[in-house]
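**Student:** Sharing a sequence plus its predicted fold:
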There are 2 protein chains.
Amino acid sequence: MDQRIAEHAEVLVDWSARVEEGDDVVVRVDEGAHDLAVAVAEKLGERGANYLATYVSDEVESAFVRSHDGDFDPNPDFELSMLENADVVLSLRAKRNTAAKGAVPGENRAAYKKSRTEIKARTMDTDWVSTMHPTRAHAQNAGMGYGEYKDFVYDAILRDWESLADEMANMKDLIDEGSEVRLVKEETDLTMSIEERTAVNSAASVAYDSHNLPSGEVFTAPEATEGEVYFDVPMTHDGARIRDVHLTFEEGEVVDWSAEVGERALEDILTTDEGAKRLGELGIGMNRGIDRFTDSILFDEKMGDTVHLAVGRAYSSCLPEGQQGNQSAVHVDMITDMSEDSRMEIDGEVVQRDGTFRWEEGFEE
Amino acid sequence: MDQRIAEHAEVLVDWSARVEEGDDVVVRVDEGAHDLAVAVAEKLGERGANYLATYVSDEVESAFVRSHDGDFDPNPDFELSMLENADVVLSLRAKRNTAAKGAVPGENRAAYKKSRTEIKARTMDTDWVSTMHPTRAHAQNAGMGYGEYKDFVYDAILRDWESLADEMANMKDLIDEGSEVRLVKEETDLTMSIEERTAVNSAASVAYDSHNLPSGEVFTAPEATEGEVYFDVPMTHDGARIRDVHLTFEEGEVVDWSAEVGERALEDILTTDEGAKRLGELGIGMNRGIDRFTDSILFDEKMGDTVHLAVGRAYSSCLPEGQQGNQSAVHVDMITDMSEDSRMEIDGEVVQRDGTFRWEEGFEE
């Protein structure tokens, strides 16, 4: 077995999920995640935890959802009680075909998802972590060979997370103390208020309230956005390709938009509801193990030298206790490359120029 | 997909488990059972049941059990509560390597098994059914090609179970009303008392208190065994090959034994405890879809033209209410071929001769 699989399992169990003796750990095993499941089980045994593996298959789920009349029992007790008694849920994502759910009618899919709201909430109440085991299907989706893709995934996952968390703490401090962020690059000059907002140091560990492995971003919930921004990183949203997006903000709201590709899909997103035209997130990618875009938001938005903005729902962890951020049914991330001819300022001070942070070697004021 | 997989799923869900709308169904998916899991999920969707798939992997379990210090938490709540809230448990057995557990120390394996006693009992409280999806590993174990093995498995599973159940009812009636069974063949003349014992019509359905698919046997719990018996069908018990067993009974107890191969393993079984030298089961194979021995007790003991006897524990379902049958830590089935030069009598009346039952064409009194 690839030694990196064992290392991945160790990062997941120890750094990310902080599994302790006696923890009840649900391991959600995707169709292609067998080898990682073996490595995770070995680590859980070493830690003296208990495991229960569930089988997560798009093909099995699709067969069930498609043949059902659509009147799904809400949150069946057997799954709910399992989760209520679980301490940790580890999702090992590893599809064998990223298009497997294609044949399921959207109506049934939505009804099934809705019937599982409480199950989702109980999962979120645990120390859950979602990660990815590289498969040929994901490599294909990224347009890469399998070996090359595995290198890509493990470079992103097998970081020195402790020192990355320390570095990200610098950025969190700047945001926590700052009032305004400004992004400047080609066809972009955008200001956002971050007054009274806190940042999340997303260091791929439940200890940092961060639930994805890999992670490596610092994010907050901005408001009062003004100006224009250009997103040059292509994305796929609900199956639709969207590329070269321009947004213009006035008084916090998108007043003009365009896209080279997928303008209709972009319009659908922005007109979903009131909050869909306002920003819910400003995220700063700081994982330098990710060196290219692979059309997967799990990786793309964490890439060093990128900034992403999401229209829609804000995370309450970025707001002062008791306050509510932007509300919306959507939360759609869009990414802009900050590696060249660009700068990010906080309260007029340049904190990143051409992809280099102010505490890094080579930074030019 | 092989159409027989969909037919298998239908027999399993409808005939065997009697799944109804709203049932909470745990589907235990072995490493190699993906295709059957898809077909079962489709049927469960059609019936309006709920499903939760668990992943059963000898490799995952071995990694966990081997790395654990052996002090396993007994019956963790998250798994117990899932089973307590389940109506049905379907086990889809499909190994990719029948030797996968080989490297786990027996001590750890036994401790893990013991820690799950209550989990096993809760599973048994549901309408559970265990079946097998053919894999190359099982074909290899049977000494057969994969295509040939699939034919073998589906011939055993895709029966007209309703009419087989009717036919088996004849045998059950004979045993329920009879007092003594006698088996006569080469090196065999054995009598057993079945006075006050009832037979189970094991028709592969929870409606018949029968939990294996395939099934197709009628069994009871005999006592006061006298005489000698020759088991000419080879078997593997706990990894040990045992062949050509001769047992001699006096006053219900084995007083003399021999085996051409595996005599030591046979002795280990018979000397386990007091009850290990007494019979716990007399079973009559009646599934004519099984036409050869494959060294798998799930199939071998159900084969038409065979009779099996188990030393050790008796099933309480064969005894009058409140009475206890033979007690033992073991229950080991041994099979004898009744297809030629043989007869089975009940109270002196021949009920099967040379493999033909008295209600079948060609039967000779």
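**Tutor:** All right, it came through fine.
**Student:** any idea how far residue A:320 is from residue A:251?
**Tutor:** 22 Å (C-beta to C-beta, to the nearest Å). C-beta coordinates here come from the backbone N, C-alpha and C atoms, glycine included.
**Student:** looking at chain A, which helix or strand is least sure?
**Tutor:** strand A:235-237 (a mean of 87; mean pLDDT, DSSP states H and E).
**Student:** Go ahead and flag the most central residue of chain A.
**Tutor:** Computing the C-alpha centroid of chain A and ranking residues by C-alpha atoms, centre = their mean puts residue A:298 first, at 4.6 Å.
**Student:** ok but it is inside a helix, no?
**Tutor:** Yes: counting by DSSP: H, G, I helix; E, B strand; the rest coil, residue A:298 is found in a helix.
**Student:** ok, it touching residue A:141?
**Tutor:** No: using C-beta atoms under 8 Å, residue A:298 makes no contact with residue A:141, being 11.5 Å away.
**Student:** and the residue nearest to residue A:232 when sequence neighbours are not counted, what does it touch?
**Tutor:** With sequence-adjacent residues excluded and distances taken as C-beta to C-beta, 6 or more residues apart in numbering or on different chains, residue A:232 is closest to residue A:337, at 5.4 Å. By C-beta atoms under 8 Å, 6 or more residues apart in numbering or on different chains, the contact list for residue A:337 reads A:232-233, A:305-306.
**Student:** what's the distance between residue A:337 and residue B:259?
**Tutor:** Residue A:337 is 75 Å from residue B:259, by C-beta to C-beta.
**Student:** Repeat that for residue A:215.
**Tutor:** Counting by C-beta to C-beta, the gap from residue A:215 to residue B:259 is 61 Å.
**Student:** the more surrounded of those two?
**Tutor:** Neighbour totals were compared for residue A:215 and residue B:259, and residue A:215 leads with 30 against 19 (other C-beta atoms under 10 Å in any protein chain shown).
**Student:** can I assume that one sits in a strand?
**Tutor:** No: looking at residue A:215 with three-state DSSP, it is coil, so not inside a strand.
**Student:** Pop out the phi and psi values for it.
**Tutor:** Phi and psi for residue A:215, reported as degrees, to the nearest 10, are phi -130, psi -150.
**Student:** residues of the longest helix that chain A contains that come out buried?
**Tutor:** Ordering each helix of chain A by length in residues (DSSP state H) puts helix A:161-177 first. For helix A:161-177, a neighbour-count test (16 or more other C-beta atoms under 10 Å in any protein chain shown) marks A:161, A:164-165, A:167-172, A:174-176 as buried.
**Student:** ok, now stretch A:340-358?
**Tutor:** A:342-346, A:350-353, A:355-358.
**Student:** Of all pairs in the residues you listed, which one spans the longest distance?
**Tutor:** A:346 and A:355 (16.3 Å; C-beta to C-beta).
**Student:** could you pull out the helices for the stretch 51-200 of chain A?
**Tutor:** Taking DSSP state H, counting those that start in this stretch as the criterion, the stretch 51-200 of chain A carries its helices at A:58-67, A:77-84, A:106-115, A:117-125, A:136-142, A:146-157, A:161-177.
**Student:** now do the stretch 251-365 of chain A
**Tutor:** A:263-270, A:297-300.
**Student:** right, and the ones you listed - which one's nearest chain B?
**Tutor:** Ranking these by proximity to chain B (C-beta to the nearest C-beta) places helix A:297-300 first, at 22.2 Å.
**Student:** quick one: residue A:21 and residue A:48, what's the gap?
**Tutor:** In terms of C-beta to C-beta, residue A:21 sits 4 Å off from residue A:48.
**Student:** ok, now residue A:186?
**Tutor:** Taking C-beta to C-beta, one finds residue A:186 at 54 Å from residue A:48.
**Student:** measure stretch A:290-300 end to end?
**Tutor:** End-to-end span of stretch A:290-300 (C-alpha to C-alpha, to the nearest Å): 8 Å.
**Student:** Show me which positions of that stretch end up buried.
**Tutor:** A:290, A:293-294, A:296-300.
**Student:** Give the rounded mean pLDDT of stretch A:143-163.
**Tutor:** If you average the pLDDT over stretch A:143-163, you get 96.
**Student:** export the helices of the stretch 51-200 of chain A to CSV and tack on distance to chain B?
**Tutor:** Below are the helices of the stretch 51-200 of chain A laid out as CSV (distance: least, C-beta to the nearest C-beta, whole Å):
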stretch, distance to chain B
helix A:58-67, 3
helix A:77-84, 4
helix A:106-115, 9
helix A:117-125, 10
helix A:136-142, 15
helix A:146-157, 20
helix A:161-177, 23
